[in-house]
Each structure stands twice: as structure tokens, then as C-alpha cells.
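J.: Let me see the structure of the following:
(2 chains)
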Amino acid sequence: MTAVEVSDLRKEFVRRDGPWRRRRVPALRGISFTIERGECVAVLGANGSGKSTLVRLLATLLLHDGGSAHVFGHDVFGDPRAVRRLVNRVSVEASFFKKMSSTENLSYSARFYGMTRGETSRRIPEILERVGFPVERRGEAMEALSRGMQQKVALARALLTAPVLLLLDEPTTGLDPRSKLEVQEFIREVRQIHDATILLCTHDLDEAEALADRIGILHRGELIALGTADELKRRYETETLEGAFFAATGRALVDDEEEED
Amino acid sequence: MRGAAATLRGELIGLAGVVERNVYLVRRYIWWDIAFFVWTVANTLTIVYIAKGIEAAGGQIDVERTTTILLIGAVIWAYLGIIFEILTETVAWERWEGTIEYTFMAPLARPVHLAGMGIFSVAYGVVRAVLLFGIVAALFDLQLPEANFWSAVVVLAIASISFVGIGMMTAVLPLISPEKGVQLGFIAQGVLLVVSGVYYPVDVLPGWMQALAVISPATYALDGIRAAILDGAGVGAVWHDIWPLIIIGAVAVPLGLEVFRRGERHAKRHGKLKRSG
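T.: Numbering: from 1, shown residues only, chains lettered A, B, ... in the order given. Got it, this is the predicted structure:
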């Protein structure tokens, strides 16, 4: 069964050059791909390549300029509420009310997905424990937690609603090596236990190779390659994914571009 | 039928979640709220003392009546301020914290989401307005022998529907302009009260302002509440203030929802839901 079907998807943003001049900047230039149910697809790209735009479009947070996107058969732009029931997202920024505790943040946001107090009082401790969040820190304000801890709470928020499609937008960027490994291990577990489909946007080549079934290369808004790690290496006649990325884009995967979205 | 009931149940739980979130925020920022309330009391006193000042300067006025007129104006100003603050600043706050994307990603109908914010803002605003009125009335030893508080509450409740509708329109401003949105909300609140006779009769305003007063719900709220508290007017006696409020509310809420819907679409088209700050 196809979980995600994207066809000729386009998105542009208007940028101001001074008080009067405006220009249209393409963020996605007609990309197409599919993801099968239960599959994990990683999208590699430098900053500004359009990864976050793709995630935001699928999360119904942006309107498109052309093409189409479907999640489990539901039109992302025509029937966004149906899509929202199926999707959740973890982004590079944990994004919480910083003065509120992890339990408070999880509690009210689960309510938006129709979970009652009875359900959250049982599920929140369970899920926090599973992501490795210390029970005794559940009442502490988010601002008192490390970024790694906050990211674990972000994972818990996404999983609390049992999404069938999980959108991960650089979930380990900025984490220390130990937290990074813990988050990656948890992503594997989510796939195995919850049968979740995952779209992982990252600029971490090792992460993509370790977690994904297939890897796409997004360059300046175009999906220039999509296949297994071995297929990409064969196609670009190189022994490493890094070499394949370099051969495909003509540049190394470094943060040298401004985020366009 | 069962599907519709489940959907309704889910939406009601979501609505409770919006209220719950704001309760958590008030609890976590309680000292800020207390400080803001003390400032509101001080600000109200500076206005209410004007009546005694006029008398001290030789003016021939009924001090208790004038004090009450000014106090009602100041309380309604503070009440409207709370409603606009909660509706508009929560959106600005959510953009600042980055949670707005998660709120807008949730399968919660936008009217339900905004209704939750409106319900909390009215409940919280009423608590603050009652405390403010009580404290200042006690300080001035206002007797209010004729007051019909029930009638005043009815007028305030009906006016609140319009206030929330207008608040929905201002709530969209931080989505469109993160830098200027909240300030534009303050301007809307100020204009609404200036044309509505907050501390003076509407008759003293220039003609064009009186025309705006006709469509402002605050005009009828102030008039009806003053009649109820000063003269003991019952609900029937303030009907001439209630029916315009019903009509304005019936227009303001759908209009507010439509304005918010368009603002949300604009934000989604131009990528403005991203974290700011």
C-alpha cells in the first residue's frame, strides 16, 4: 500500500529585496516520489535544498503552488484534516511552551488529538519512560532540560498520537553523540513496533544510511536521485554515500546555503 | 451517526485541551499575572479619582455616580484587554515558542480551537473584572444601592460573544505580521473603546465617531451595564442594548472565523507559521 504519493510538487516563496522589490524563489521544483507503508525514506540535502518545505507541505503547514501530494490516499491540500489524523512530526527545534513541564505540554497537545485525561495520565508516563526521559523530571519546566531531553519529549509528543506517518525533520541535529544514538535507536523501535512509515529529512549521511530503506538526494528543490544506498553508490560509481552525494550535486553536504523555507 | 458523535466528542476534548493549555500558562506565569493585575488596579484608580478631582476643583457633580461611571468604563477596558490579549497574544506567543505549527497540524477544527481560546478568555476576564470592580468599589466605599448585577452580567455575557468575534479578527494579525500584529491588536482595542464612550457619553464625540459607535458592541455593553448598576435596570429595561449586541455578535463571530481562515491561508501560502524569535 502506498503511504505517500507526491507528484510534480512545487512550492515557491516570495522574498523581499529591499522595500519595493520582490522575487519568487523556488523551494521545490516539481518533485515526485512514493513511499510504501512501513518504509523509511531519508531525504538528504544541504540547508536550503527544500527538505523542510517538503515536510511542512506534507504536514499541512504550507499550501503548494502546483502538483499533488496524497497520504494514505487522502489529498494533503484538499482534505488536510484527514491527513492530520495520520501524521505527526518531529523537527530540529523541539518547540514547546518553555515554562510548562513535559507532562503539561504533552497533555494539552494530546487533547487536540481527542485523548482524554484518563488516557493521557496512563500513556504519558509510559511513553516518556520509553524514550528514556527520567520520571523524576516530568514536572520540571522545559527550559530546565537539555536539548537532548527536549528532543526526547518531542519524540514522545509525536508518538503519543500514534501516527501512521512520521515526518522527521533533522531530529538529531545539534544533539550530543549519545543523545543522537538514543534517538536513532528509538526511531528503529518505532518502525518495528508501530509499523510507522517514516520520512526522514537529514544532512547526516550516516544516519540516512543506518535508518533508511531508500535515500533521496534533494538539491536546490529537485529530487535528483532516489534509491537504496547501494543503488546510489553503484549509479555514481563510488564506494560511499558521501561520494554519491558529491557526484550527484557537485558539492559536499555542508551547511553553506541559506535556508530558503 | 456514531461517527458524527465520535467527531463531536473529539472536538470537545480538543476544546478542553485549549482551555487546559491556557490554565497551565496562567499557573506558570502567575506572578506576572499578579503584577499585571496590580498595575491594572493602579491604572483604574488614576481614572476613577478624576471624579473626586472634579469635585475638589469646584465642579458640581454627583461624585459616587461619576466614580461608578468611570469605574465601569475602566473595568470594561480591562476586560476587553484580557480578551484581546489572550486571543491575540496567545497566537503571537505560539509563534514565538514554535508551538503554532504543532497546534495547526492537529486535527482540531479551527472554530473549535478559537472557541476554546474565547471561552478561556471570557472566564479569565470575568474573574479579573469582578476582582477589579470589587477592589476599587471597596476602596471608594461605593454603595450602589440600586445595582442589578444579574442584569449587568447578562449584558456582559452577550457582549462577550461580539468581543470574542472581534478578538478572532485581531488574533490573525500576528500570523500575518509577526512584528506588528500584537500592536495592531492594541490599536483595535483602543479604537473600539474610544468610539464607544468608555469614560464619557457618545454624544460628545464627532459625527464620524458616533457612526462607528453604532456598530461597536462596547457602546451597548457600557450603556447596558451602567444602566443596570447605576439605575438597577432589569434585563427587559436594557433590551435596547441587548438586541444590537445579539445582531453584532451574530455577524462578528462568523466574520472573525472567516478573517482568521483567510489569515491562516495567507500564512500557509507564504510560510509564516515558522518560529519567530
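J.: residue contacts, the residue of chain A found nearest chain B?
T.: Sorted by distance to chain B under CB to the nearest CB, the residues of chain A start with residue A:111, at 2.5 Å. All C-beta atoms are positioned from the backbone trio N, CA, C, and that covers glycine. By CB atoms under 8 Å, 6 or more residues apart in numbering or on different chains, the residues touching residue A:111 are A:120, B:13, B:14, B:16, B:17, B:18, B:20.
J.: Counting only helices, which of the residues you listed make the cut?
T.: Under the assignment DSSP state H, these contribute A:120, B:13, B:14, B:16, B:17, B:18, B:20 to helices.
J.: worst-scoring helix or strand of chain B, pLDDT-wise?
T.: Every helix and strand of chain B was ranked by mean pLDDT, DSSP states H and E. The lowest is helix B:181-194, at a mean of 82.
J.: Setting the sequence-adjacent residues aside, check what's closest to the residue in chain B that chain A sits nearest to.
T.: Chain A sits closest to residue B:17 of chain B, with a gap of 2.5 Å, by CB to the nearest CB. Closest residue to residue B:17 apart from its sequence neighbours, by CB to CB, 6 or more residues apart in numbering or on different chains: residue A:111 at 2.5 Å.
J.: ok, the spatially most central residue of chain A to residue A:197 distance?
T.: In chain A, the C-alpha nearest the mean C-alpha coordinate belongs to residue A:168, at 2.0 Å (CA atoms, centre = their mean). Going from residue A:168 to residue A:197 by CB to CB, to the nearest Å gives 11 Å.
J.: what does residue B:12 give?
T.: Residue B:12 is 30 Å from residue A:197, by CB to CB.
J.: Name the residue in those two with the higher neighbour count.
T.: residue A:197 (26 against 14; other CB atoms under 10 Å in any protein chain shown).
J.: Show me what counts as buried in the least confident helix or strand of chain B.
T.: Judged by neighbour count using 16 or more other CB atoms under 10 Å in any protein chain shown, the buried positions of helix B:181-194 are B:181, B:182, B:185, B:188, B:189, B:192, B:193, B:194.
J.: what's near enough to touch residue A:247?
T.: Residues counted as contacts of residue A:247 (CB under 8 Å, 6+ apart) are A:236, A:237, A:238.
J.: So which of those is the closest to residue A:136?
T.: residue A:238 (48.5 Å; CB to CB).
J.: Run a quick neighbour tally on the closest residue to the closest one other than its chain neighbours.
T.: Excluding the flanking residues, the one nearest residue A:238 by CB to CB, 6+ apart is residue A:244, at 5.2 Å. Burial of residue A:244 is recorded as 26 neighbouring residues (other CB under 10 Å).
J.: Determine the longest helix present in chain A.
T.: In chain A, taking DSSP H as the definition, the longest helix is helix A:177-194.
J.: Quick check: residue B:43 touching residue B:74?
T.: Yes: when contacts are counted by CB atoms under 8 Å, residue B:43 is listed as touching residue B:74 (7.4 Å).
J.: quick one on the thing from earlier: list the buried residues of the one helix or strand the residue nearest to residue A:238 maps to.
T.: Using DSSP states H and E, residue A:244 maps to helix A:241-249. By 16+ other CB under 10 Å, the buried positions in helix A:241-249 come out as A:241, A:243, A:244, A:245, A:247, A:248, A:249.
J.: I'd like the distance from the fifth one to residue A:200, if you could.
T.: What that stands for is residue A:247. 22 Å.
J.: Repeat that for residue B:141.
T.: Taken as CB to CB, the span from residue B:141 to residue A:200 is 68 Å.
J.: Residue A:223 too?
T.: Distance from residue A:223 to residue A:200, by CB to CB: 15 Å.
J.: and the two? which has more neighbours close in?
T.: Neighbours per residue, other CB under 10 Å: of residue A:223 and residue A:200, the larger number sits with residue A:200, 27 against 22.
J.: Spell out which parts of the stretch 51-200 of chain A neighbour chain B.
T.: A:53, A:56, A:59-63, A:81, A:84-85, A:87-89, A:91, A:93, A:95-100, A:104, A:107-116, A:141, A:157 (CB under 8 Å from any CB of the partner chain).
J.: Drop anything exposed from those residues.
T.: Among these, those scoring as buried are A:53, A:56, A:59-63, A:84-85, A:87-89, A:91, A:93, A:95-100, A:104, A:107-115, A:141, A:157 (criterion: 16+ other CB under 10 Å).
J.: Low-confidence ranges, the chain, go.
T.: Defaulting to chain A. A:253-261 (pLDDT under 70).
J.: Let me rephrase: I mean chain B.
T.: B:275-277.
J.: biggest helix in it by residues?
T.: Across chain B, the longest stretch assigned as helix under DSSP H is helix B:239-270.
J.: relative orientation of that one and helix B:181-194 in degrees?
T.: Relative orientation of helix B:239-270 and helix B:181-194, computed by axes from the mean of the first three to the mean of the last three CA atoms, to 10 degrees: 160 degrees.
J.: In helix B:239-270, which residues are buried?
T.: Under 16+ other CB under 10 Å, the buried positions of helix B:239-270 are B:241-242, B:244-245, B:248-249, B:252-253, B:256-257, B:259-260, B:263-264, B:267-269.
J.: Check stretch B:4-18 too.
T.: Neighbour-count burial for stretch B:4-18, with 16+ other CB under 10 Å as criterion, is recorded at B:10, B:11, B:13, B:14, B:15, B:16, B:17, B:18.
J.: quick one: it to chain centroid distance?
T.: 25 Å (CA atoms, centre = their mean, to the nearest Å).
J.: which residues are contacting that stretch?
T.: So stretch B:4-18 is contacted by A:107-116, B:106-109, B:112-113, B:115-117, B:119-120 (CB under 8 Å, 6+ apart).
J.: what helix or strand is the residue nearest to residue A:160 when sequence neighbours are not counted on?
T.: Spatially, and ignoring its direct neighbours in sequence, residue A:160 is nearest to residue A:110 (5.1 Å; CB to CB, 6+ apart). Assigned by DSSP H and E, residue A:110 belongs to helix A:102-111.
J.: what does residue A:199 give?
T.: strand A:197-202.
J.: Packing partners of that strand?
T.: strand A:2-17, strand A:21-36, strand A:40-44, helix A:51-58, strand A:165-169, helix A:177-194, helix A:205-211 (3 or more CB pairs under 8 Å, 6 or more residues apart in numbering or on different chains; DSSP states H and E).
J.: Could you rerun that using 6 Å?
T.: strand A:40-44, strand A:165-169 (3 or more CB pairs under 6 Å, 6 or more residues apart in numbering or on different chains; DSSP states H and E).
J.: one step back: just the contacts of residue A:111 now: which is nearest residue B:48?
T.: The nearest one, if we look at the contacts of residue A:111 relative to residue B:48 and count by CB to CB, is residue B:18, at 34.6 Å.
J.: and the nearest residue to that closest one once chain neighbours are set aside, what is it in contact with?
T.: Using CB to CB, 6+ apart and skipping the chain neighbours, the partner closest in space to residue B:18 is residue B:116 (2.8 Å). Residue B:116 makes contacts with B:15, B:18, B:19, as judged by CB atoms under 6 Å, 6 or more residues apart in numbering or on different chains.
J.: rerun that using 10 Å as the cut-off
T.: A:111-112, B:11-12, B:14-22, B:108 (CB atoms under 10 Å, 6 or more residues apart in numbering or on different chains).
J.: Following the chain onward from the helix or strand that it is a member of, which element is next?
T.: Using DSSP H and E, the element containing residue B:116 is helix B:110-139. Per DSSP H and E, the first helix or strand lying C-terminal to helix B:110-139 is helix B:149-171.
J.: quick check: angle from that following helix to helix B:239-270?
T.: Per the same axes, to 10 degrees, the angle that helix B:149-171 makes with helix B:239-270 is 20 degrees.
J.: quick revisit: which ones are touching the residue nearest to the centre of chain A?
T.: Taking CB under 10 Å, 6+ apart as the test, what residue A:168 contacts is A:40, A:42, A:55, A:88-92, A:155, A:158, A:183, A:187, A:190, A:198-202, A:207, A:211.
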